[in-house]
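> structure for this input, please:
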Amino acid sequence: MFTEKLGNGIRVVGECMPGYRSVSMGVWINAGSVYERGGECGAAHFIEHMLFKGTGSRSASRIAEEMDSVGGNLNAFTGKECTCFYGRVLDRNISTLAEVLADILGDSLLDPADIEREKGVVCEEISMTEDTPEDLVMETAISGYYEGDPIALPILGTRESVRAFTRDGLVNYMDRLYRPDNMVISAAGNFDERELVSVLSRFFTTEGCARGAGVSFGSHTPGKRIRTVKKDVEQAHIALCLPGFPKDTKESYALLLLSNAFGGTMSSRLFQSIREESGLAYSVYSYPTAYSASGFLTLYAGTGSENAARVTEMMVKELFKLRSGGMTHEELRRSKDQLISSFLMAQESTSARSSAIGRAELLRGRHLTEDEVIERIEAVTLDDIASILPTVCSLDDISAAFVGRVGGQEKELKNILS
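Numbers count the residues shown, from 1 in each chain. Coordinates of the predicted model:
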């Protein structure tokens, strides 16, 4: 593992993996949805789309053809805290990948005609999310949990904000945030460190400093919130958001293990109780989310519309049972073994390694080694789990969302969560 800084200030973090024939590379920018201002809602995601539409030297089709010609792939995603452009190629084609990434990030045209066309594409993406009840219920619950905070804003934006985008507005967003001191390049796979730094220095030549990256976000709004979205779908979709902890804290590791035992696997309490023993759901699970300043735990279940209240009550009962009785030694040991195994198997992927070290360097300023991650997981005790239960297993600050035909059960649902 190594870290380097290019002459213009871009941080580089890399992990050489001899014996592999590929290299995965990502360019990470502190330019997620939380940094949007005023009418910019959805701008970070929209820009992610636009940077594939052509540069001063490459058309959109040429970008695709150039990557296809070397058997590589190129993609991107936008999150709450960051945007990432990434790709994977054979080791001998690392220069091609670096050049294309640098080109789309530094010389994209943002042609007004392309912008107008892409507005329709993104509006369709918003519609697709609204037509996917599982996505919609999660978004609704999270926006309630962070009501009034920048994290509550949808990454995709709204139809109104997307249709109002202008080239000047998008360029302004990029000028503020797409700067060397706000970027990290990560790479994992078979490469020579000196050659990699030389290649990156040749292509990534952007100058200047970011402005407005120090936004305060991640403040949970205290209080209970229950929202219902009526949809004519076969199932009722349930999402319960409960208090969690910031990324890379002792409590976040405890919650990771707790969630795994509670609803993260087929042997978990939620899965066994609601699916295996009661047969009331096909999909039921829990997962933690951790941001730089805060986090939350989400419980999800999809069930027949007539069973929404019953399944919600079972989820709450399992939560209270956990709070009163805690985890068992067996559950903790099983969770540790499962998480460590999953983590180690993921390290065998150059894409996963590049993503892990890039995100960590961008958001935390350091990346943990395999041994450090395993040590943190192994260090969690039953006392650590017990210490977070009063926070996690409380309904005082719950944000609950229900999507589907649950109108007749609203009063009962509110009583369950009271």
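> please make it C-alpha for all contacts and neighbour counts, starting now.
Fine.
> check contacts around Trp184.
Small correction: residue 184 is Val, not Trp. The contact partners of Val184, taken as CA atoms under 8 Å, 6 or more residues apart in numbering, are Ile10, Arg11, Val12, Val13, Val27, Trp28, Ile29, Gly358, Glu361, Leu362.
> just checking, it is part of a strand?
Yes. Read with DSSP: H, G, I helix; E, B strand; the rest coil, Val184 is one of the residues of a strand.
> residues touching Ala281, list them.
Taking CA under 8 Å, 6+ apart as the contact definition, Ala281 lies against Ile274, Arg275, Ala301, Gly302, Thr303, Gly304.
> distance check, it against Val311.
Distance of Ala281 to Val311, given as CA to CA, to the nearest Å: 8 Å.
> hey, what's in contact with both of those two?
Residues within reach of Ala281 and of Val311 at once, by CA under 8 Å, 6+ apart, are Ile274, Ala301, Thr303.
> what residues are up against the closest residue to Met50 other than its chain neighbours?
Closest residue to Met50 in three dimensions, ignoring its sequence neighbours and counting by CA to CA, 6 or more residues apart in numbering: Leu110, at 6.3 Å. The contact partners of Leu110, by CA under 8 Å, 6+ apart, come to Met50, Leu51, Lys53, Gly54, Arg167.
> contacting residues for the third one?
In this case it means Lys53. Under the criterion of CA under 8 Å, 6+ apart, the neighbours of Lys53 are Ser59, Ala60, Ser108, Leu109, Leu110, Asp114.
> got a pLDDT number for the fifth one?
Leu110 carries a pLDDT score of 98 in this model.
> what secondary structure does it sit in?
At Leu110, secondary structure determined by three-state DSSP is coil.
> quick check: phi and psi at it.
Reported as degrees, to the nearest 10, the phi and psi values for Leu110 are phi 50, psi 50.
> how close does it sit to Thr83?
Using CA to CA, one obtains 17 Å as the distance from Leu110 to Thr83.
> check the first one too.
Ser59 sits at a distance of 22 Å from Thr83 (criterion: CA to CA).
> for the third one, same thing?
With the distance defined as CA to CA, Ser108 ends up 16 Å from Thr83.
> of those two, give the one with the bigger neighbour count.
Neighbours were tallied for Ser108 and for Thr83 using other CA atoms under 10 Å; the higher tally belongs to Thr83 (24 against 20).
> OK, contacts around the more buried one?
Trp28, Ile29, Asn30, Ala31, Gly32, Ala44, His45, Glu48, Ala76, Phe77.
> what is the burial count for the fifth one?
The one in question is Gly32. Neighbouring residues of Gly32 were enumerated by other CA under 10 Å; the total is 23.
> can you check the pLDDT for it?
In this prediction Gly32 is given a pLDDT of 94.
> my guess is it meets Cys82, correct?
Yes. In this structure Gly32 lies within contact range of Cys82 using CA atoms under 8 Å: 4.0 Å.
> which residues of the stretch 1-150 of the chain fall in helices?
Defined through DSSP state H, counting those that start in this stretch, the helices belonging to the stretch 1-150 of the chain, from first to last, are 43-50, 60-69, 94-106, 112-130, 133-145.
> picking that back up, and which of the contacts of Lys53 is nearest to Gly71?
Using CA to CA, Ala60 is the member of the contacts of Lys53 that sits closest to Gly71, with 17.1 Å.
> that closest one and Lys231: what is the separation?
Using CA to CA, one gets 38 Å for the distance from Ala60 to Lys231.
> what about those two, which has more around it?
For Ala60 and Lys231, the more surrounded residue by other CA under 10 Å is Lys231, and the numbers stand at 18 against 14.
> enumerate every residue touching the spatially closest residue to the more buried one that is not a sequence neighbour.
By the measure of CA to CA, 6+ apart, the closest residue to Lys231 outside its immediate chain neighbours is Gly404, 4.3 Å from it. With CA under 8 Å, 6+ apart as the criterion, the residues that contact Gly404 are Pro133, Val229, Lys230, Lys231, Asp232, Val233, Glu234, Gln235, Ala236, His237, Ser305.
> show me which pair in those is furthest apart.
With CA to CA as the measure, no two of those lie farther apart than Val229 and Glu234, at 13.7 Å.
> which residue ranges of the stretch 151-300 of the chain form strands?
Counting by DSSP state E, counting those that start in this stretch, the stretch 151-300 of the chain has strands at residues 183-189, 225-230, 235-243, 284-290, 295-304.
> of those strands, which is nearest Met138?
Relative to Met138, the nearest member of those by CA to CA is strand 235-243, separated by 6.0 Å.
> low-confidence ranges in the stretch 1-150 of the chain?
Along the stretch 1-150 of the chain, no part satisfies pLDDT under 70.
> against Phe85, how distant is the residue nearest to the spatial centre of the chain?
In the chain, the centroid-proximal residue (CA atoms, centre = their mean) is Gly79; its distance is 5.4 Å. Distance of Gly79 to Phe85, computed by CA to CA: 12 Å.
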